[in-house]
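Mind looking at a prediction? Sequence and model below.
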Amino acid sequence: MEKALYWFNELGEQFNDVVGKKCANLGEMTKLNMRVPHGFAISVRGFEEFMERTGLAHEVRSYLGGMKDSLWQVEVCRNASREIQEMIESTAMPEDLKEGICSYYRDLSEKSGRKNVPAAVRSSGIVSMPGQMDTYLNVIGGESIVEHVKKVWSSVYSTRAITFRLKQGVQMEYAPIGVAVMMLVDAKAAGVILTVLPQTGDTTKAVIEGNWGLGESVVSGEITPDCFTVDKDKLDIIDQKVARKVGMVKQHGSGTVYEPVPEGLVDAPCLQREEIKEITKVALSVEKHFGVPQDMEWVVDANLPFPENIFWVQARPAKFSVPQKTNEIDYIVDLMARLFVN
């Protein structure tokens, strides 16, 4: 029987429809003995319970009924989004579900060795909707976790998420979503690795991008990150572009702040050679496990020694271009080469 709450180590790939892709993959990563921050998932069932038991599911269906065509109008869509998000965020969570989340958060704090551990609250959709739902960092305290879970749920009805579903021609009134709540790593640096060059489809190389502080500055494109290209066979760094990194995202109070990078770090690489090689080595093991090139998010802890300082917070299939063959003979030669190599 499906539950509303799961620890990451209870999950795996087969839980995609239960907790969403992100949480399912985090569970699979823990099974591979990767350093994944302690955390738990709130399942799609948890979201559905909240919506049904509070009457919000009926309210949202009624509100959006007959509006599908007019939602293409920007102002209409914005107003609908604001109304529905306000409904969700202002509605009290059923007491048993709220206490369940708070109890898991207390246990998470204990596992992390900290009272009221800072956490990341992140969306985990069943259907891929990249960049459509919200993430909150440095959330502290059980009550705040509960409120930010509702904010993630409400982001299912953001203007961009509604528009995305309209364009995809899928059900507009509802989008199944899980939520990940995980210990926030005290990030010295963070970023992404792709085990394929996305523009060329070259699967012999991996590319790492990173910046000082939390990874949101890299994922959001706010800064030009450092970029390291690595030969996957030899783990040699074959190209390195160290950017002038003037800003970074850091923990601040009960949230985050964008602040200047200290002068001595502006032109310094955010990763050491040994960290680059370790990140690549682990990513390649995940690529081998899943059988496809990966797009993964890493974080380097400011307080732990290498290699215990490298944590993983996401893995998903990488999107990349496949070079077109100029003719059928080229295609057949390439296919035969792949068969003999593999």
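Noted; the coordinates are in hand. Numbering: from 1, shown residues only.

May I see the buried residues of stretch 41-53?
By neighbour count on 16 or more other CB atoms under 10 Å, the buried set for stretch 41-53 is Ala41, Ile42, Ser43, Val44, Arg45, Gly46, Phe47, Glu48, Glu49, Phe50, Met51. Where C-beta positions appear, they are placed from N, C-alpha and C, glycine not excepted.

The second one: what's it in contact with?
Contacts for Ile42 were tallied using CB atoms under 8 Å, 6 or more residues apart in numbering; they are Ala4, Leu5, Val19, Ile101, Val149, Gly178, Val179, Val181.

Tell me which of those residues fall in strands.
Leu5, Gly178, Val179, Val181 (DSSP state E).

so the first one touches Gly100, yeah?
Yes: using CB atoms under 8 Å, Leu5 and Gly100 qualify as a contacting pair, with a distance of 5.4 Å.

returning to what we had before: quick check: of the contacts of Ile42, which has the highest neighbour count?
With neighbours defined as other CB atoms under 10 Å, the most crowded of the contacts of Ile42 is Val19; it has 33 neighbours.

Next, the contact list for it, please.
Tyr6, Leu11, Gly27, Ala41, Ile42, Ser43, Val44, Ser124, Gly178.

where are the low-confidence patches of the stretch 151-300 of the chain?
Residues of the stretch 151-300 of the chain meeting the criterion pLDDT under 70: none.

where along it do the helices fall?
Assigned by DSSP state H, counting those that start in this stretch, the helices in the stretch 151-300 of the chain fall at 159-168, 216-219, 273-290.

So which residues of the stretch 101-250 of the chain form strands?
119-125, 135-139, 177-183, 187-194, 205-212, 226-231, 237-241, 247-252 (DSSP state E, counting those that start in this stretch).

Output those in TSV; the columns should cover distance to Val218.
Below are the strands of the stretch 101-250 of the chain laid out as TSV (distance: least, CB to CB, whole Å):
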stretch	distance to Val218
strand 119-125	15
strand 135-139	13
strand 177-183	18
strand 187-194	5
strand 205-212	5
strand 226-231	9
strand 237-241	14
strand 247-252	9
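
Glu287: which of these is closest?
Glu287 lies closest to strand 205-212 among these, at 8.7 Å (CB to CB).

Wait, Met183 touches Pro37, no?
Yes: counting by CB under 8 Å, Met183 does reach Pro37; the two are 4.2 Å apart.
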